[in-house]
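**Student:** Here is my input; please provide its structure:
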Amino acid sequence: MKKTILTGLALLVSVVAFSQAKKPTIMVVPSKTWCNDMGYTKTFDTNGGSTVVPDYERAFLENGDLKVAITTINSMMGDMGFPLKDMEQNLNALSLSRAENMARTSKSSGSEVEQSPIDIINARAKSDIIFELYWKVNVRGPRRTLTYNLRALDAYTNKQVAAANGTSDPSLSAELAVLLQEAVNASMGNIERQLMAHFEDMGTKGREVALVVQKWESSPYDLESEFDGKELSELIEDWLSENTVNHVYSTLDATETMMEFEQVRIPLYGANNRPTDTRQWARGLVNFLKAKGVDSKLAMRGLGHATIIIGEK
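**Tutor:** Reported below is the predicted structural model:
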């Protein structure tokens with residue numbers, strides 16, 4: 001009897017702990033394909049070529065269906081307890097600081113900051129998962145169906161961690177929200193399981209990020225310079241081993257001027273149980289190098305890719 005009670009208590013504690021587990025924050029965005037199909041794109045000249053990117057601001061301003069679709073998916077994810085980041089509100093906040101960002105240039109070359117629109121938005125929102133939503137309403141006489149594709153990407157790696165797609169049953173409803181709910185509803189349980197499996201994996205193995213270490217041309221040091229009887233490249237790898245979860249990282253390339261690492265597993269939380277992101281984690285390596293007398297500059301690309309350039313700031 002006593003053993004049964006203890007087993008029941010243990011099970012209850014496990015259930016409570018699982019229900020209180022932190023869920024990943026989510027931001028729903030229109031897919032690039034949807035933006036292109038609807039004509040919400042803009043083109044930039046880059047290095048002699050051109051790059052086409054989504055024009056999210058114009059899409060939200062001109063397309064009422066987009067707001068309905070995003071709100072519908074947000075509502076469904078919110079009902080499952082996922083914390084949400086609102087893309088339109090983040091766009092509004094970004095517009096207030098655009099003038100400042102456009103005026104910002106580098107200290108040496110005077111070049112401007114270059115990032116993709118979604119990188120800029122997510123750098124402010126700091127969501128864990130980006131949901132890319134595509135949909136198309138098909139009209140067959142008086143009936144309508146909705147074809148959709150919902151893809152969840154880890155905001156740090158851009159790797160797909162969950163997905164669902166399909167077409168709703170024919171319906172007489174003309175409301176986009178109803179069609180979208182009917183189409184997606186059957187898949188939401190599976191999406192939730194995929195997301196939680198991914199987030200629990202991060203809790204155990206750490207968040208996956210990437211790191212590149214380079215040198216300025218004017219740097220008095222390269223990665224073969226010796227400090228305390230070791231080459232700088234060895235010291236960097238020692239630091240990585242000590243500051244990654246289970247010492248997990250992969251070295252893609254290493255020369256006297258550059259080191260590239262991927263599948264770098266950093267902890268989700270640092271000192272005092274505070275959430276850790278790639279920039280905060282990489283700042284630790286910057287401080288480590290500074291203690292060795294090596295100045296460096298930290299630059300970010302998106303949320304999950306850090307570059308440290310040694311020799312000066």
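
**Student:** Can you show me the strands along the stretch 51-200 of the chain?
**Tutor:** 84-85, 129-140, 143-154, 160-167 (DSSP state E, counting those that start in this stretch).

**Student:** same thing with the stretch 201-313 of the chain?
**Tutor:** Counting by DSSP E, counting those that start in this stretch, the stretch 201-313 of the chain has strands at residues 207-215, 226-227, 230-231, 250-254, 258-266, 296-301, 305-310.

**Student:** So which of those strands is nearest Gly49?
**Tutor:** Nearest to Gly49, of all the strands of the stretch 201-313 of the chain, is strand 296-301, at 18.8 Å by CB to CB. To be clear about C-beta, it is placed using only N, CA and C from the backbone, and glycine gets the same treatment.

**Student:** residues contacting Ile236?
**Tutor:** Val213, Leu223, Met259, Leu285, Leu289 (CB atoms under 8 Å, 6 or more residues apart in numbering).

**Student:** what's the burial count for the first one?
**Tutor:** If I follow you right, that is Val213. Around Val213 there are 24 other residues, counting by other CB atoms under 10 Å.

**Student:** Find the nearest non-adjacent residue to it, please.
**Tutor:** Met259 (4.4 Å; CB to CB, 6 or more residues apart in numbering).

**Student:** Throw the strands of the stretch 201-313 of the chain into JSON lines and include distance to Asp55 and mean pLDDT, thanks.
**Tutor:** As requested, the strands of the stretch 201-313 of the chain are exported to JSON lines (distance: least, CB to CB, whole Å; pLDDT from 0 to 100):
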{"stretch": "strand 207-215", "distance to Asp55": "28", "mean pLDDT": "96"}
{"stretch": "strand 226-227", "distance to Asp55": "49", "mean pLDDT": "94"}
{"stretch": "strand 230-231", "distance to Asp55": "48", "mean pLDDT": "95"}
{"stretch": "strand 250-254", "distance to Asp55": "34", "mean pLDDT": "95"}
{"stretch": "strand 258-266", "distance to Asp55": "31", "mean pLDDT": "97"}
{"stretch": "strand 296-301", "distance to Asp55": "21", "mean pLDDT": "92"}
{"stretch": "strand 305-310", "distance to Asp55": "24", "mean pLDDT": "95"}
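
**Student:** Nearest residue to Met258 in space, please, no chain neighbours.
**Tutor:** Closest residue in space to Met258, ignoring its immediate chain neighbours: Gln214 at 5.1 Å, by CB to CB, 6+ apart.

**Student:** Which strand residues bridge the one you found?
**Tutor:** On the basis of DSSP bridges, Gln214 is bridged to Met258, Ile309.

**Student:** if I look at it, how far off is Asn287?
**Tutor:** Distance of Gln214 to Asn287, computed by CB to CB, to the nearest Å: 18 Å.

**Student:** and the two? which has more neighbours close in?
**Tutor:** Gln214 (18 against 10).

**Student:** show me the contacts for the closest residue to Tyr156 other than its chain neighbours.
**Tutor:** Excluding the flanking residues, the one nearest Tyr156 by CB to CB, 6+ apart is Gly304, at 3.0 Å. Contact analysis of Gly304 by CB under 8 Å, 6+ apart lists Asp154, Ala155, Tyr156, Thr157, Asn158, Arg207, Glu208, Val209, Ala210, Thr278.

**Student:** The first one - how many residues pack around it?
**Tutor:** Put plainly, it is Asp154. 21.

**Student:** since we're on the nearest residue to it once chain neighbours are set aside, how many residues are nearby?
**Tutor:** Distances taken as CB to CB, 6+ apart put Val161 closest to Asp154, at 5.3 Å, once the chain neighbours are dropped. Counted with other CB under 10 Å, the neighbours of Val161 add up to 21.

**Student:** So Val161 sits against Ala152, correct?
**Tutor:** Yes: with contact defined as CB atoms under 8 Å, Val161 counts as touching Ala152 (5.3 Å).

**Student:** who touches both of these two?
**Tutor:** By CB under 8 Å, 6+ apart, Val161 and Ala152 have these common neighbours: Ile129, Gln194, Leu195.

**Student:** which residues does the second one contact?
**Tutor:** With contacts taken as CB under 8 Å, 6+ apart, Gln194 has the following neighbours: Ala152, Val161, Ala162, Ala163.

**Student:** circling back: okay if I get the shared contacts of Val161 and Ala152 as JSON lines plus distance to Ser31 and pLDDT?
**Tutor:** Listed next are those as JSON lines, based on distance: CB to CB, whole Å; pLDDT from 0 to 100:
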{"residue": "Ile129", "distance to Ser31": "14", "pLDDT": "93"}
{"residue": "Gln194", "distance to Ser31": "18", "pLDDT": "94"}
{"residue": "Leu195", "distance to Ser31": "18", "pLDDT": "91"}
